[in-house]
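Undergrad: How does the following fold in three dimensions:
(chains A and B, ligands or ions: 2)
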Amino acid sequence: MSKSSTPAKDGKIKIAIDPVSRIEGHLKAEVVVKDGKVVDAWLSGGMYRGFENILVGRDPRDAAQLTQRLCGVCPTAHSTAACLALDDACDVKITKNGRVTRNLIFGANYLQSHLLHFYHLAALDFVRGPGKAPFVPRFDQPDLRLDEKTNAVAVDQYIKALEIRRICHEMVALFGGKMPHISGQVVGGTTEIPTKEKLAEYASRFKEVRKFVAETYLPTVYLIGSVYKDLFKIGGGYKNCMSYGVFPMDEEGTKTLIDSGVYIDGKDEKFNPALIKEFVKYSWFEDSCSDLHPSKGKTIPDVHKEGAYSFIKASRYNKKPVEVGPLARMWIHNPELSEIGKKQLKDLYGIKAVKFRDLGEDLAFSLMGRHVARAEEALIVADAINDTWLKEIKAGEDTYVESKVPVTGEGIGFTEAPRGSLLHYINIQDSKVANYQLMPATLWNTNPRDDMGQRGPVEEALIGCPVPDTGSPVDISRIIRSFDP
Amino acid sequence: MSLTRRDFVKLCTGTVAGFGVSQMFNPSVVQALEKFVPHVFWIQGQGCTGCSVSLLNSVHPSIAKVLLDVITLDFHPTIMGSEGEVAWGHMTDVAKEQKGKYIVIFEGSVPVAENGHYCILGEKDGKEYTMLETTLEMAKNAAVVVNVGTCAAYGGIPAAEGNVTGSTSVTKVLADNGIKTPVVNVPGCPPHPDWMIGTLVYAINAIEEKGLEGGLGEVVKILDSEGRPTPFFGENIHDNCPYLSKFDEDEFSKVFTDKENCRYELGCKGPSANADCFKRKWNGGVNWCVENAVCLGCVEPGFPDEMSPFYEAG
Ligand code: SF4
Ligand code: SF4
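TA: Ligands and ions are numbered 1, 2, ... in the order given. Below is the predicted model of the structure:
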């Protein structure tokens, strides 16, 4: 994105942002700008670790520990998906208290992740931080519009949110052992039975977190949105989305706090696991890894592959690119908006909305729409902790069911990480891992083109992004970060 | 640097009262901490950002204080305001200016297969920089290299058996390339925030007292044979475990939820792990791995291969 970039004869300028910072992982964005707008985009995942290969031959139970180390922001999501896959493969039915304890662990990390995302990853897109590294340098034209007073309040919130997210980690650790990377979730349930004392500790910490979510985070997102109203008009993408559903509300796993479903071409569909596939024409993997359901999945890197530009495979649902994450979940679940949301939408935006979909496709599927969805979801999770799980949980009642690793078997775990749909698949032979396939949210959102030539969801969302000054392409990474890639 | 004496003492002790201040952190030294605010670059290779997220949990001193007063963090992919060439250029400019005086922190391991292509960190003037070449370049001119996390220190999970990326530790990459900058390892998957901040503060403190060379000499003195600062990694978990008497009496838990007995038969790797988790505990002291389930030995060079299967007695 050097400022010297001069347009080629056709008026096109190619710019690259690498690293895209304030995300988890390594990502590069390359776009072509014409007449001040993005006309094409490529996203490149710059790191490959090969967990799938490292897992082969190991004790299946180790998968929950090893796969957590895929992501330090959402280890509990991987631990959850791995344990669901293992519960399935080992044929265990967990206890009610086990399920609820898992929800208390995962729910606290949901809140941690959403707060971390908004305040510590995305907020600097809108807020001027202290005039010291790492908050400076910035682009010459950072487009920071908050007035001085509001900005100062936002900086205070940034610092307060550091503390609140740390408290969320303490809540996770109370039953999960420690954070990041919990020890407390295993096949069959959780390793700790909540005691009265620990529940009281959890509840007292939670009070402060819930207050911050409801009274600070949620109104602030709407307020910032009202200063950046134009950001409700960009970053829309395909407007196709998917959710596996998350937070089991019964032991059969038939009901979840947030619904599963698919929304494609303006129509709602029931989620069908058989329709998931991965494609690798433009990814640094052997072509034999393409067009496969995860249960047949293969992960064989090929860094010399002609035309490839990313270590991310292109995940597709029924061959369609779909967005995943809080916006996808809120769109599919379509909950009633928070009171503060309804009020602020009316006062600040003049919009009368009761349920999430009342925002309409065009506003919801946008850069700002994603931040709003995430904040609304945080309150839903907080309310579930408060009104449901803390009431259902029984101090002293068992949370763990013993099981044996089968000689042969397979299992699949579907959940929603805070950043989007997450699947773990395990195949067991000779009581060892024979195949393990992972499909995290990042694969769904930030993937490259597929074998059919379709852009990934974030690539598509970048099309049309305004870039008035190629030396300061702020909106490009704002759009990317809105996905929490 | 504006650490109060109270902050400092808290940092150096565990969360459980009564374990006392480690003798090496002589409080009288703390008063000297006023001027030296080192430039720090935090580079992420093949990792999960868990070390960074754990760092954010620092309580004494708070992470806000660390960022605003204790160090100047010129580069950190997860929290810095800048991006792209602006960020990369800032890092290389300041590194040139601060040659020989800055601290470089590595998180994550280094893949060396395929010329380092398995981990690309950034781009400038159309050239991509791999973790491998960035590691060598940034370590060469640093005053000290701090490897946070077991990946950077010893290779960790990305370097476990079955990997195809040729992943290895920063420590080994530097040794293989003849880079002699002093290296401190702060392992853990992830490390406790106190271990990271405590080590940094100790180094800053020593450099301020004795100058760059003398201070680094002090730092190297407290390292064990695996390059870990002994104030945090000098004690064995099992030898200090509250369940030790049960171990000696052969009283073993059969299920995770039995909290009365020793966790050895469930796979606890406490006997081969050296860290102060047993007294420091995690996340504001609310819990720790052994009280909850088992120790995985995450601070050891053999993690994870020598520690797995995690749930079988070692
Ligand atoms: S629980 Fe682990 S660390 Fe504690 S005594 Fe038993 S084996 Fe040793
Ligand atoms: S108790 Fe063991 S596994 Fe847990 S953090 Fe300490 S060394 Fe690592």
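
Undergrad: what sits against the closest residue to B:Pro271 other than its chain neighbours?
TA: Once flanking residues are discounted, B:Pro271 sits nearest to B:His238: 4.0 Å by C-beta to C-beta, 6 or more residues apart in numbering or on different chains. Quick note: C-beta positions are derived from backbone N, CA and C, even for glycine. B:His238 makes contact with B:244, B:247, B:268, B:270-273, according to C-beta atoms under 8 Å, 6 or more residues apart in numbering or on different chains.

Undergrad: Can you tell me which of those are buried?
TA: B:247, B:268, B:270, B:272-273 (16 or more other C-beta atoms under 10 Å in any protein chain shown).

Undergrad: okay, the residues you listed in a markdown table with pLDDT, secondary structure and distance to A:Gly341 next?
TA: Listed next are the buried ones among the contacts of B:His238 as a markdown table, based on pLDDT from 0 to 100; DSSP: H, G, I helix; E, B strand; the rest coil; distance: C-beta to C-beta, whole Å:
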| residue | pLDDT | secondary structure | distance to A:Gly341 |
| --- | --- | --- | --- |
| B:Phe247 | 98 | helix | 54 |
| B:Cys268 | 98 | coil | 47 |
| B:Gly270 | 98 | helix | 48 |
| B:Ser272 | 97 | helix | 52 |
| B:Ala273 | 98 | coil | 48 |
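
Undergrad: quick check, nearest of the residues you listed to ligand 1?
TA: The closest of those to ligand 1 turns out to be B:Gly270 (C-beta to the nearest ligand atom; 2.2 Å).

Undergrad: who's in contact with that closest one?
TA: For B:Gly270, the contact set (C-beta under 8 Å, 6+ apart) comprises B:236-238, B:241, B:263-264, B:290, B:294-295, B:297.

Undergrad: swap in A:Asn103?
TA: Contacts of A:Asn103 (C-beta under 8 Å, 6+ apart): A:247-248, A:257, A:384-385, A:389.

Undergrad: Tell me if it really is in a strand.
TA: No - counting by DSSP: H, G, I helix; E, B strand; the rest coil, A:Asn103 is not part of a strand but helix.

Undergrad: Now the residue of the stretch 251-400 of chain A at minimum distance from ligand 2. Nearest residue, chain neighbours left out?
TA: Using C-beta to the nearest ligand atom, the closest approach of the stretch 251-400 of chain A to ligand 2 is made by A:Tyr400 at 19.3 Å. Closest residue to A:Tyr400 apart from its sequence neighbours, by C-beta to C-beta, 6+ apart: A:Gly189 at 4.1 Å.

Undergrad: same check, this time on A:Ser21
TA: Once flanking residues are discounted, A:Ser21 sits nearest to B:Glu83: 4.3 Å by C-beta to C-beta, 6+ apart.

Undergrad: Pretty sure that neighbour sits against A:Ala16.
TA: No - using C-beta atoms under 8 Å, B:Glu83 makes no contact with A:Ala16, being 10.8 Å away.

Undergrad: Give me the more crowded residue out of those two.
TA: Shown here are B:Glu83 and A:Ala16; by other C-beta atoms under 10 Å in any protein chain shown, B:Glu83 has more neighbours (28 against 22).

Undergrad: Show the backbone phi and psi for the more buried one.
TA: B:Glu83 adopts backbone torsions of phi -150, psi 170, taken as degrees, to the nearest 10.

Undergrad: And the pLDDT at it?
TA: What the model reports for B:Glu83 is a pLDDT of 95.

Undergrad: and the residue positioned nearest the centre of chain A, backbone torsions?
TA: For chain A, the residue nearest the mean C-alpha position is A:Arg419 (0.6 Å; C-alpha atoms, centre = their mean). Per-residue torsions, A:Arg419: phi -90, psi 0 (degrees, to the nearest 10).

Undergrad: what's the distance between it and A:Leu327?
TA: 11 Å (C-beta to C-beta, to the nearest Å).

Undergrad: now the residue nearest to the centre of chain A: how far from A:Pro440?
TA: With C-beta to C-beta as the criterion, A:Arg419 and A:Pro440 are 8 Å apart.

Undergrad: OK, contacts around the one residue in the stretch 1-150 of chain B that gets nearest to ligand 2?
TA: The nearest approach of the stretch 1-150 of chain B to ligand 2 comes at B:Thr150, 8.7 Å away (C-beta to the nearest ligand atom). Residues in contact with B:Thr150 (C-beta under 8 Å, 6+ apart) are B:156-157, B:187-189, B:298-300, B:303.

Undergrad: give me phi/psi at whichever residue of the stretch 1-150 of chain A sits closest to chain B?
TA: Per C-beta to the nearest C-beta, A:Gly72 is where the stretch 1-150 of chain A lies closest to chain B, at 2.6 Å. Dihedral pair for A:Gly72: phi -80, psi -10, per degrees, to the nearest 10.

Undergrad: Can you tell me the closest non-neighbouring residue to it?
TA: Leaving aside its sequence neighbours, A:Gly72 sits nearest to B:Gly50 (C-beta to C-beta, 6+ apart; 2.6 Å).

Undergrad: Tell me, how many residues neighbour that neighbour?
TA: Using other C-beta under 10 Å: B:Gly50 sits among 28 other residues.

Undergrad: what's near enough to touch it?
TA: A:69, A:71-72, A:75, A:180-181, B:149, B:189-190.

Undergrad: related to what we said a few turns ago, closest to ligand 2 among the buried ones among the contacts of B:His238?
TA: Nearest to ligand 2 among these, with distances taken as C-beta to the nearest ligand atom, is B:Ala273, at 4.4 Å.

Undergrad: Enumerate every residue touching A:Gly464.
TA: A:Gly464 is in contact with A:37-38, A:234, A:236, counting by C-beta under 8 Å, 6+ apart.

Undergrad: So among those, which ones count as buried?
TA: Among the contacts of A:Gly464, the ones that count as buried by 16+ other C-beta under 10 Å are A:38, A:234, A:236.

Undergrad: just checking, the residue of the stretch 1-150 of chain A closest to chain B touches B:Leu55?
TA: No - between A:Gly72 and B:Leu55 there is no contact under C-beta under 8 Å: 10.1 Å.

Undergrad: what pLDDT does the closest residue to ligand 1 within chain A get?
TA: In chain A, the residue that lies nearest ligand 1 is A:Ser183 (12.1 Å; C-beta to the nearest ligand atom). As predicted, A:Ser183 sits at a pLDDT of 96.

Undergrad: What of the one 3 residues further on?
TA: At A:Val186, the pLDDT value in this model is 97.

Undergrad: Could you pull up the contacting residues of it?
TA: Neighbours of A:Val186 in contact, by C-beta under 8 Å, 6+ apart: A:61, A:64, A:83, A:400, B:256, B:293, B:311.

Undergrad: One more: B:Glu114?
TA: With C-beta under 8 Å, 6+ apart, B:Glu114 has these contacts: A:303, B:165-166.
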